[in-house]
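>>> build the 3D model from these lines:
(chains A and B)
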Amino acid sequence: MQVFKAMLKVMRKRFPSALVYIIVFITVSVMVTKASTKDNKFEASTLDICVFDEDDTPESRALVEFLGKSNDIAEIKNDRKAITDALYYKRINYALVINGGYAEKLKAGETADLFGSYHLDESFSTVYISQFLDEYVSSVNAYLTMGRSADEAIAATEEALSQETQVDMLRVDKAGNSHFSVDFSGYFRYMPYILISVILSVVCLALITMNKKDIRYRTNCSALKNSSYTFQMFFGSFLFVFCIWLILIIIGAFLNEEMYTGRAWLAVLNSFIFSMVIAALAVLISSFEPKDNIMSLITQITGLGMSFFCGVFIPMEMLSSGVKSFARFLPAYWYVRANDMIAEIEPYSLNDVLQCYLIQLLFAAALIFVTLLVRRLRYSSASIGSAVKKAAANS
Amino acid sequence: MEKTVVSIKELVKRYGDLIALDHFSLDIYEGEVFGLLGPNGSGKTTTINCLLSLLAFDKGDIEIFGKKMTPVSYDIKKEIGVIMQNVAVFDELTVYENIDYFCGLYITDKNKRSQYVEEAIKFVGLEDFRKFYPKKLSGGLLRRLNIACGIAHKPKLIILDEPTVAVDPQSRNRILEGIQELNRNGATVIYTSHYMEEVEQICTRIAIMDKGKKVAEGTKDELKRMIKNTETITIEILELPDRIKAEISSLPHIYDAQYAEGRLTVSCSGGKHNLIRVLDVLQKNELSFGRVYTELPTLNDVFLEITGKALRDKEE
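Now for the predicted structure:
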């Protein structure tokens, strides 16, 4: 396995230049994952309120204190103009007035005219606070009716209302099945760019090095069978591509431990197939033996070009129909389409996803076919002959 | 009887209308340092490529170690070492790793390979550079690495295709000494070059190629005996009347006398005391002269006389 080992050494030397792509990808992924995690997790919201306690009794103060535990209480001057200004400029969402006689009425079981308020009509905060106060008063009344003292009733009510519920966000797919909502599509969306950049900048350059005319000549003179040489080269390339893909999948798991649930495995398979397509592309490009600086240009053009045209950087729905028609001839388009379908950005059907896989595999097969054709032309004895003929003609 | 290592019979290679090798035949025997001499386009590299089965040929037969050579003759290839004009090493691997890689294409046993690699490093004198990357090596050291990569597996037949092109004189001498040492250790060497001095220095037998044909073959003495010129006399002289030049030309064993830029060049074919006879003519005519020197024929003279053109003129 001399060729394989040498190839790994060459790739190891080339890898640091590709590391920058991985670092950028991880940074972007962390940001995207954090944003999507925030969207998918339930968090009780707090409101900015102000309270004017005109009763000023232990019962009213207990209510103010309890409200302060789950809301931010702002200090506003008890003046109609100041309060309406604060509501208008959204410094507060709700202004509550605890009317005088609140404690007496509460103990008497009365619920009318306990509170006054300033608020914006039909706003979420108005409904939320109103419901909370109704619930609070009803609960205290219920405990009083049960024969508890006012202090006990308030304490029991606060305890009951303080209990939190575990909330899981579920998503219902088009088949009616509900499952945990984890946004894997954002992570997999940017993967084509990193796969193209890393694979082309490492595998391509390694293959070019291994196939340099003089080194290839010396290898052809050796006792190593051609089939063994080709196998070791392909094995080395495949192993690197597989490792890079695996690293990206593992990074995904670190970023979000619930990443790989349900349909996310289809996205994982999609990314693996796309990796193979890019590996085939790398082998084809290396057959033309471009120089290092040209290779860098090819990597940039291929990576950025496919990413922009195929909906990696810009959502596909924002692309013009002309661009989309062109993008159909690029493998990344089918990757992104499959990914969007799996994540239900597009209508989902397993057959459609499988079709996208198949088209990507066809791209890989076509690239391998063209590679074999190019190599046959470039490395045939006729090619060596023409080089010798050229030398003879020049002399 | 000498054992034939390489046998090429009636080899023909065409590129369309161009005949690169025209019924070329050659036998190389065990223990020889065989020189293949000729200008670019004479067919040296085509011969080597056909020999190594890197190039298909139209007609003829090639046998190495008594076996027919084909692209899949891996048992034969195992015994061949190739050192090309261009340095073929990996920039990404160290000196040791490079030699180990190329040696590993022939030797699979790790311990044996490790020993061979060390010996090759010692042989080319790169002991202090084993962890260096090729880009850190000078041109001469790089050539030595190139040679080490080609001979580390201890081949019985070593093919060197112009290994000293663009090499400084010191490194060139070291390389030539190395080739002679490899030969002393039992390897048969095929050495292609257009540097006649090198071929004269190290080759035991030489074939001269031109336009795909072998125009002469033999030891250097045999080749020199093939030509008319046995001695060239050069005399620095301020002026030489045509009458005296004609008198010199008419002397026995002298077949040509040329005067140009204050220098009389006399070509002799055999005979003794040619120089004394020429100087006698000059003294008799009271012509004063400066430096006088004589040269024995070189391979360039051989090439010039056989092909009608100077070997080096085509190259540099």
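>>> okay, CA-based contacts and neighbour counts for the rest of this
Noted.
>>> quick one: mean pLDDT over stretch B:192-206.
The average pLDDT for stretch B:192-206 rounds to 85.
>>> buried residues, that stretch. List them.
B:192-196, B:198-200, B:202-206 (16 or more other C-alpha atoms under 10 Å in any protein chain shown).
>>> any chance you could map the strands in the stretch 151-300 of chain A?
With DSSP state E, counting those that start in this stretch as the criterion, the stretch 151-300 of chain A has strands at A:170-172, A:178-180.
>>> no wait, the stretch 101-250 of chain B
So, for the stretch 101-250 of chain B - with DSSP E, counting those that start in this stretch - the strands run B:157-161, B:188-193, B:205-210, B:213-218, B:231-237.
>>> strand partners of the third one, parallel vs antiparallel please.
In other words, strand B:205-210. Note on strand B:205-210: by DSSP bridges, its sheet partners are strand B:33-37 (parallel), strand B:213-218 (antiparallel).
>>> can you give me the buried ones in the longest one?
Just to be clear, that refers to strand B:213-218. For strand B:213-218, a neighbour-count test (16+ other C-alpha under 10 Å) marks B:Lys213, B:Lys214, B:Ala216, B:Glu217, B:Gly218 as buried.
>>> and B:Leu264, that's in a strand?
Yes: counting by DSSP: H, G, I helix; E, B strand; the rest coil, B:Leu264 is part of a strand.
>>> of all of the stretch 51-200 of chain A, which residue lies closest to chain B?
Nearest residue of the stretch 51-200 of chain A to chain B, counting by C-alpha to the nearest C-alpha: A:Leu200, 17.6 Å away.
>>> hmm, A:Ile301 and that residue touching each other?
No: A:Leu200 lies out of contact with A:Ile301 (C-alpha atoms under 8 Å); the separation is 11.1 Å.
>>> picking up where we left off before, now the strands of the stretch 101-250 of chain B as a markdown table including distance to A:Ala95?
Shown next, in a markdown table, are these (distance: least, C-alpha to C-alpha, whole Å):
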| stretch | distance to A:Ala95 |
| --- | --- |
| strand B:157-161 | 95 |
| strand B:188-193 | 100 |
| strand B:205-210 | 107 |
| strand B:213-218 | 108 |
| strand B:231-237 | 121 |
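>>> to A:Leu207, which of those lies closest?
Counting by C-alpha to C-alpha, A:Leu207 lies closest to strand B:157-161 out of the strands of the stretch 101-250 of chain B; the figure is 26.0 Å.
>>> which of A:Leu200 and A:Ile301 has more residues huddled nearby?
In this view A:Leu200 and A:Ile301 are compared by other C-alpha atoms under 10 Å in any protein chain shown, and A:Leu200 has more residues nearby, 28 against 13.
>>> excluding sequence neighbours, find me the nearest residue to the more buried one.
A:Ala282 (5.4 Å; C-alpha to C-alpha, 6 or more residues apart in numbering or on different chains).
>>> how about A:Leu8?
A:Leu8's closest residue in space is A:Gly236 (C-alpha to C-alpha, 6+ apart), at 6.6 Å.
>>> the strands of the stretch 151-300 of chain A: lowest mean pLDDT?
Minimum mean pLDDT among the strands of the stretch 151-300 of chain A: strand A:178-180, a mean of 52.
>>> mind jotting down where the helices sit in the stretch 101-250 of chain B?
B:110-124, B:139-151, B:169-184, B:196-202, B:220-225, B:242-249 (DSSP state H, counting those that start in this stretch).
>>> okay, buried residues for the third one please.
By 16+ other C-alpha under 10 Å, the buried positions in helix B:169-184 come out as B:Ser171, B:Arg172, B:Ile175, B:Leu176, B:Gly178, B:Ile179, B:Gln180, B:Leu182, B:Asn183.
>>> do the first one as well
When neighbours are counted by 16+ other C-alpha under 10 Å, the buried residues of helix B:110-124 are found to be B:Arg113, B:Ser114, B:Tyr116, B:Val117, B:Glu118, B:Glu119, B:Ala120, B:Ile121, B:Phe123, B:Val124.
>>> distance of the closest residue to B:Ala187 other than its chain neighbours relative to B:Ile179?
Once flanking residues are discounted, B:Ala187 sits nearest to B:Lys156: 4.7 Å by C-alpha to C-alpha, 6+ apart. Using C-alpha to C-alpha, to the nearest Å, B:Lys156 is found at 13 Å from B:Ile179.
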